[in-house]
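>>> No letters, just coordinates:
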């Protein structure tokens, strides 16, 4: 960063529009900066003093890997860490561009914070940077969750481990409810068109019912809600142009790697609204259809996805481990995260047009509320899996902690796990 290595002289110029090019961290705006040691080199910098020096590939790997190791708390924590790194500390990306990146990745299905990590690295060093940064962000948490899956899903885990899983699993329903509640205000504010809030309510109710009653078919409800909103907009505000929606529906009859691949693909490419949308997508297949795991083990999987760093979608690796060991875990993770890389690498240059597209916005105005409803419905499903009175008490305490007191989700799960472990050692039932 030139601004940190030696003094600089700032020469005002006529303000220009902020522009950037892929693979470069330079920003163009209202000032030109001339380095005193290089009189022939002038770089343009934004009013936020974006750095004129691109990070190296090693720097991307180290810094994105660091966030992958300490990124506890889900997307809000990840966004904060990447903002601090890329905007505040290193000044590789302007604040406005970072906000645009958040908005653009929120338009895509799949794990938004993972796509943000990939996009930021792509913006700095192109496709190679995107791949290196994305993998560096994903791998630490993935390795940890696979190791924990081996412990929690072993044939005879220690009593304390079973208790920790039962305790943390009991609190998961409260975490899902908190996730849904936190998404409502922003989504509700977007519903400002005539009768749109009535449709918002209907979409949310449909998503909740689908999560409770339809399991993996909830993705069809999400897509249908988006398509209905687009049709409503076309009728009320006629426009020229074309829009098309393809609804993919299939069922894998056998429970082999093909079934696992389909479950992972639904998680990575067809889920809208955040990490907890994957719960109804996975639970019916993993527990009911293919019997890869029990209800209690599925609750453990969801809890592990919350208490480990990195993206919550890594929960699918636990499902993969239950279905096919380490190979299954790696296959499920690769398929679940693959679409995020594809979306950014193929669509990164078009993100601005994507955000401005009226029909994309309409689709998300329908799919978004349905996703929130699905997350709330998943909380009902998860709560119904509780088998013991002491787990109900843990759930109630966790609900007070994360919903009423608005405290840390990760801490709630860790404390619930400790309570469960101590309770199991004291003789409380865990099965």
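Received, thanks. The structure displayed is predicted, hence computed values, not measured ones.

>>> so where's the stretch 101-250 of the chain uncertain?
216, 237-250 (pLDDT under 70).

>>> where along it do the helices fall?
112-152, 159-190, 196-213, 218-236 (DSSP state H, counting those that start in this stretch).

>>> Could you dump the ones you listed into a markdown table with distance to residue 335 and mean neighbour count added?
(Glycine included, C-beta is placed from N, CA and C.) Output for the helices of the stretch 101-250 of the chain, formatted as a markdown table (distance: least, Cβ to Cβ, whole Å; neighbours: other Cβ atoms under 10 Å):
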| stretch | distance to residue 335 | mean neighbour count |
| --- | --- | --- |
| helix 112-152 | 13 | 23 |
| helix 159-190 | 23 | 22 |
| helix 196-213 | 22 | 20 |
| helix 218-236 | 15 | 21 |
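
>>> Residue 268 is nearest to which of those?
Nearest to residue 268, of all the helices of the stretch 101-250 of the chain, is helix 112-152, at 9.3 Å by Cβ to Cβ.

>>> before we move on, the earlier item: relative to residue 334, which of the helices of the stretch 101-250 of the chain is closest?
Of the helices of the stretch 101-250 of the chain, nearest to residue 334 by Cβ to Cβ is helix 112-152, at 9.9 Å.

>>> In CSV: the helices of the stretch 101-250 of the chain, plus distance to residue 326.
Converted to CSV, the helices of the stretch 101-250 of the chain look like this (distance: least, Cβ to Cβ, whole Å):
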stretch, distance to residue 326
helix 112-152, 6
helix 159-190, 19
helix 196-213, 30
helix 218-236, 27
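
>>> Tell me which of these lies nearest to residue 279.
helix 159-190 (6.7 Å).

>>> Packing partners of that closest one?
Helices and strands touching helix 159-190, by 3 or more Cβ pairs under 8 Å, 6 or more residues apart in numbering; DSSP states H and E, are helix 112-152, helix 196-213, helix 295-307, helix 358-384, helix 389-399, helix 409-425.

>>> can you state the direction angle for it and helix 389-399?
Relative orientation of helix 159-190 and helix 389-399, computed by axes from the mean of the first three to the mean of the last three Cα atoms, to 10 degrees: 40 degrees.

>>> so helix 159-190 versus helix 409-425, what angle?
150 degrees.

>>> Check whether residue 166 really touches residue 296, as I assumed.
Yes: using Cβ atoms under 8 Å, residue 166 makes contact with residue 296 at a distance of 6.7 Å.

>>> For the closest residue to residue 112 other than its chain neighbours, give me its contacts.
Spatial nearest neighbour of residue 112, excluding adjacent residues (Cβ to Cβ, 6 or more residues apart in numbering): residue 105 at 4.8 Å. With contact taken as Cβ atoms under 8 Å, 6 or more residues apart in numbering, residue 105 is in contact with 112, 113, 115, 116, 119, 344.

>>> still on that earlier bit, need the helices and strands packed on helix 159-190 in TSV (columns: distance to residue 334).
Supplementary listing: those in TSV, determined by distance: least, Cβ to Cβ, whole Å:
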stretch	distance to residue 334
helix 112-152	10
helix 196-213	26
helix 295-307	17
helix 358-384	24
helix 389-399	32
helix 409-425	26
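
>>> Would you mind telling me which of those is nearest residue 265?
Judging the helices and strands packed on helix 159-190 by Cβ to Cβ, what sits closest to residue 265 is helix 112-152, at 15.4 Å.

>>> Helix 159-190 and the closest one, what's the angle between them?
160 degrees.

>>> list the helices and strands helix 112-152 packs on?
helix 57-70, helix 75-83, helix 95-105, helix 159-190, helix 295-307, helix 315-347.

>>> can I get the ones you listed in CSV with distance to residue 414?
Compiled in CSV, the helices and strands packed on helix 112-152 are given as follows (distance: least, Cβ to Cβ, whole Å):
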stretch, distance to residue 414
helix 57-70, 15
helix 75-83, 15
helix 95-105, 28
helix 159-190, 8
helix 295-307, 6
helix 315-347, 17
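
>>> okay, those helices, which one's buried deepest?
Highest mean neighbour count of the helices and strands packed on helix 112-152: helix 295-307, a mean of 25 (counted as mean count of other Cβ atoms under 10 Å).

>>> got the contact list for that one?
72, 74, 145, 148-149, 152-153, 165-166, 168-172, 175, 275, 279, 282-283, 286-287, 293, 312-315, 318-319, 322, 382, 385, 387, 409-410, 413-414, 417, 431.

>>> now with 6 Å?
For helix 295-307, contacts defined as Cβ atoms under 6 Å, 6 or more residues apart in numbering pick out 145, 148, 152, 165, 168-169, 172, 283, 286-287, 312, 314-315, 318, 385, 410, 413.

>>> My guess is residue 208 contacts residue 377. True?
Yes: between residue 208 and residue 377 there is a contact under Cβ atoms under 6 Å: 3.8 Å.

>>> quick one on the thing from earlier: which stretch among the helices and strands packed on helix 112-152 comes nearest residue 139?
If we rank these by Cβ to Cβ, the stretch that ends up nearest is helix 57-70, at 6.7 Å.

>>> Show me what the closest one is packed up against.
helix 112-152 (3 or more Cβ pairs under 6 Å, 6 or more residues apart in numbering; DSSP states H and E).

>>> The helix it packs on: how far from the chain's middle?
11 Å (Cα atoms, centre = their mean, to the nearest Å).
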